[in-house]
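Undergrad: Sequence and predicted structure, then a few things I'm wondering about:
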Amino acid sequence: MQLSRAARIILVGAPGVGKGTQTARLMDRFPQLSAISSGDLLRQNVRSRTPLGMSLLPHSASVDSETNACGIGIQAESRMKAGSLLPDSMILRLILNELTTRGWLQSESAMPYTLNSTAAAAVDAFPDDDPFLMTSTPQSQKYRYSDDPHASFILDGFPRTAAQAAQIDNLFPINLVVNLNTPTSIIMDRICNRWVHEPSGRVYNTTFNAPKVDGRDDVTGEPLTRRSDDDAETWKVRLKSFKETSLPLLEHYDKLGVLWTVEGNSSDEITPRLFEEFGRRFGLR
Ligand code: AP5
Ligand code: MG
C-alpha cells in the first residue's frame, strides 16, 4: 500500500515484545517505509569496533587513538551485555548520523533553511558527562526534514527516555508512537528461543518463526547467533530499565497526541491491528 504522507513512527515496548518483528512486517506491507533499530545499530558498531561517539560527530577531531576507539566500543558492549541503557548523548549522535546518512534529515550547511528554529540546540543540550564522550561537543547544527512519503521511517528502540524524546522533538515531529503491550510472562519464553542474523538484524524464533534450515539465515545461509544480552537474568535488568523509562516517555507522547497503544498476546494478534491503524493514518485513500 502507498503512503499519502511521510510517516515518522516510533515503536515502544518491553524487550522482546516484538518491535523488530513488527518493523519487518510493516516494511513488507508498506514498501515506502524504512527503519532504524538503535539496538541493531549499536551491535553493528560494537561488532566492527567503530569509534562510537567520535566518528559520529560532524566536527570531532580530538580523539585519534585506535585504542580509545576500541575502548569505547568495548564499554558500549559491556553496558549492552549488562542490560543497561547507553548514554543519551551517544545514542543521539548515533541516530543523527544515521538519519543524515540516509538523507531523512539534512544538515543546514547543505540547505538554505530549517523548519524548526530550536533544532540547533538539539545536540548541545546533552551534557557530556559520560565516559564514552572523549571529544569536544559538536558545534550547533541545524537540520531540515522532508514530508515526502519516501522519507518515511520507523525508529525501533529510539527514543527510549523522555530526555531523548525531547531532543527528537526539536528535530522533526513524530506523527505516530506505537506502544506495543504484551504480558511479560509471555515475552520471557520468546527471548530464550531467539536467534538472529547479525549482519541484517533478521530475527528468528525456534518456536514461532524458525529458519528454514536449522541455525542458518533464510536469505544468506550464514550462521545465526544468540544475542549476548538474551539470557533470563539480563532480560530482567532490561525489563526493569524499560519499566523505569517508558512511563515518562509514553506520557510525553500522550501529551503531544500521537500515542497509540495496541495490546495482544502475540505478534500475530497485533500485526493486523497495527496495519489497520497505520493504513488509516497514512495510507492513500
Ligand atoms: P534493543 O536491541 O532495542 O533491544 P530491546 O529493546 O531489549 O528489544 P529486543 O530487540 O530484545 O526485542 P524486540 O521488541 O525487537 O523483539 P523481537 O521482534 O526481536 O536494545 C538493546 C540494547 O541497546 C539496550 O538494552 C541498550 O543497552 C541499548 N540501547 C538501544 N537503544 C537505546 C536507546 N535509545 N538509549 C539507550 N540505550 C539503548 O522479538 C523477540 C523474539 O520473540 C524473537 O525471537 C521473535 O521471533 C519472537 N516473537 C515475536 N513475536 C512472537 C510471537 N507472536 N510468538 C512467539 N515468538 C514471537
Ligand atoms: Mg529488536
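TA: Alright, I've got the coordinates. Numbering: from 1, shown residues only. Ligands and ions are numbered 1, 2, ... in the order given.

Undergrad: Could you use CA atoms for every contact and neighbour count after this?
TA: Noted.

Undergrad: what ranges do the helices span in the stretch 51-200 of the chain?
TA: 66-82, 88-101, 121-124, 162-169, 184-192 (DSSP state H, counting those that start in this stretch).

Undergrad: can I get these in CSV with mean neighbour count?
TA: Putting these into CSV (neighbours: other Cα atoms under 10 Å) gives the following:
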stretch, mean neighbour count
helix 66-82, 17
helix 88-101, 19
helix 121-124, 18
helix 162-169, 18
helix 184-192, 16
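
Undergrad: Save those helices as TSV, and put in mean pLDDT too.
TA: Listed next are those as TSV, based on pLDDT from 0 to 100:
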stretch	mean pLDDT
helix 66-82	64
helix 88-101	88
helix 121-124	44
helix 162-169	92
helix 184-192	86
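
Undergrad: Distance to Asp254 for the ones you listed - can I get that in TSV?
TA: Formatted as TSV, the helices of the stretch 51-200 of the chain follow (distance: least, Cα to Cα, whole Å):
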stretch	distance to Asp254
helix 66-82	28
helix 88-101	21
helix 121-124	21
helix 162-169	12
helix 184-192	23
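
Undergrad: Return the residues in contact with Ile36.
TA: By Cα atoms under 8 Å, 6 or more residues apart in numbering, the contact list for Ile36 reads Phe153, Ile154, Leu155, Asp156.

Undergrad: meant to ask about Gln164
TA: By Cα under 8 Å, 6+ apart, the neighbours of Gln164 are Asp88, Leu92, Phe158.

Undergrad: before we move on, what about Gly18?
TA: Leu180, Ser267.

Undergrad: rewinding a little: can I get the helices of the stretch 51-200 of the chain in TSV with distance to ligand 1?
TA: Below are the helices of the stretch 51-200 of the chain laid out as TSV (distance: least, Cα to the nearest ligand atom, whole Å):
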stretch	distance to ligand 1
helix 66-82	4
helix 88-101	6
helix 121-124	15
helix 162-169	7
helix 184-192	5
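
Undergrad: who wins for proximity to Arg29 among these?
TA: Between Arg29 and these, the shortest separation by Cα to Cα is 22.1 Å, and it involves helix 88-101.

Undergrad: okay if I get the contacts of Ile36 as TSV plus pLDDT, neighbour count and distance to ligand 1?
TA: Converted to TSV, those look like this (pLDDT from 0 to 100; neighbours: other Cα atoms under 10 Å; distance: Cα to the nearest ligand atom, whole Å):
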residue	pLDDT	neighbour count	distance to ligand 1
Phe153	95	22	16
Ile154	97	22	12
Leu155	97	21	9
Asp156	97	22	7
